[in-house]
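Structure here, sequence nowhere to be found:
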């Protein structure tokens, strides 16, 4: 009796029936379009932007590229610390309510968004925004405790296609250092428990049959 063959069948069946979990995956946009930042005490432009437009001009239309908002660099401190001396810093700052349109690869679903913002409690006219709009839907932002930079996350979006993010100023300036997305690709099938059970039983049946024949 070749019991090891049966043991292998049982082992394969157990491995097949292990639960399968789906996790949100970080998604990088293909590009984003917006108006460039403004100049104040320093230059709050998106100077690493890779698309069309003047990266050293106030409110210049930028399109077809990626830059400071998707480079993975989150500002660790307030604007007056990390933006000095003059030059390219982690923040993009506006004296208007910026509307940023993010473009993604076809079939991409965005479930979550996190935007990293400055909250200088009015220093230099910079405060946390009063809220954001995502594809026209308003999400209010409560005043954060303290004056440190903070992250604001919205989940359950289920957005397919372009995503528009608008930052709503509460003061003269609004500063953002990074926008990150979580989601997945449409069409990525995950086997259901019943399908996994049938597949496991089939594999085990073949193994038992071979064991009997031997």
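Here it is on my side, so go on. The structure displayed is predicted, hence computed values, not measured ones.

The residue nearest the centre of the chain - nearest residue in space that isn't next to it in sequence?
Geometric centre of the chain, nearest residue: residue 181, 1.2 Å, by C-alpha atoms, centre = their mean. Closest residue to residue 181 apart from its sequence neighbours, by C-beta to C-beta, 6 or more residues apart in numbering: residue 27 at 4.4 Å. Bear in mind the C-beta positions are built from the backbone N, C-alpha and C, glycine included.

re the thing from before, the residue nearest to the centre of the chain reaches residue 32, doesn't it?
No. Between residue 181 and residue 32 there is no contact, the gap being 10.8 Å when judged by C-beta atoms under 8 Å.

Got phi/psi on residue 127?
Per-residue torsions, residue 127: phi -140, psi 170 (degrees, to the nearest 10).

How far away from the center of its chain is the helix or strand hosting the residue nearest to the centre of the chain?
Assessed by DSSP states H and E, residue 181 sits inside strand 174-185. On the basis of C-alpha atoms, centre = their mean, to the nearest Å, strand 174-185 sits 4 Å off its chain's mean C-alpha point.

Pairing partners for it, with directions?
According to DSSP bridges, strand 174-185 forms sheet pairs with strand 25-27 (antiparallel), strand 92-94 (antiparallel), strand 108-117 (antiparallel).

Generate TSV for the ones you listed, with mean neighbour count and mean pLDDT as supplementary columns.
Output for those, formatted as TSV (neighbours: other C-beta atoms under 10 Å; pLDDT from 0 to 100):
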stretch	mean neighbour count	mean pLDDT
strand 25-27	14	88
strand 92-94	25	98
strand 108-117	20	97
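
any chance of these in JSON lines, plus distance to residue 66?
Compiled in JSON lines, the strands paired with strand 174-185 are given as follows (distance: least, C-beta to C-beta, whole Å):
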{"stretch": "strand 25-27", "distance to residue 66": "13"}
{"stretch": "strand 92-94", "distance to residue 66": "13"}
{"stretch": "strand 108-117", "distance to residue 66": "15"}
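
returning to what we had before: surely the residue nearest to residue 181 and residue 163 touch.
No. Assessed by C-beta under 8 Å, residue 27 is found out of contact with residue 163, at 10.0 Å.

where do the contact lists of these two overlap?
Common contact partners of residue 27 and residue 163 (C-beta atoms under 8 Å, 6 or more residues apart in numbering): 104, 110, 181.

Contact partners for residue 146?
By C-beta under 8 Å, 6+ apart, the contact set of residue 146 is residue 119.

Now do the shared contacts for residue 181 and residue 32.
residue 102.

Any regions of this structure where pLDDT drops low?
For the chain, the stretches flagged by pLDDT under 70 are 1-24, 86, 184-214.

Break it into its domains for me.
Structural domains assigned to the chain are 3-20+192-213, 25-185, following automatic domain parsing.

what's the most buried one of these?
Using mean count of other C-beta atoms under 10 Å, the stretch among those with the largest mean neighbour count is domain 25-185, at a mean of 18.

Quick one: classify residue 89 as helix, strand or coil.
Under DSSP: H, G, I helix; E, B strand; the rest coil, residue 89 falls in the coil class.
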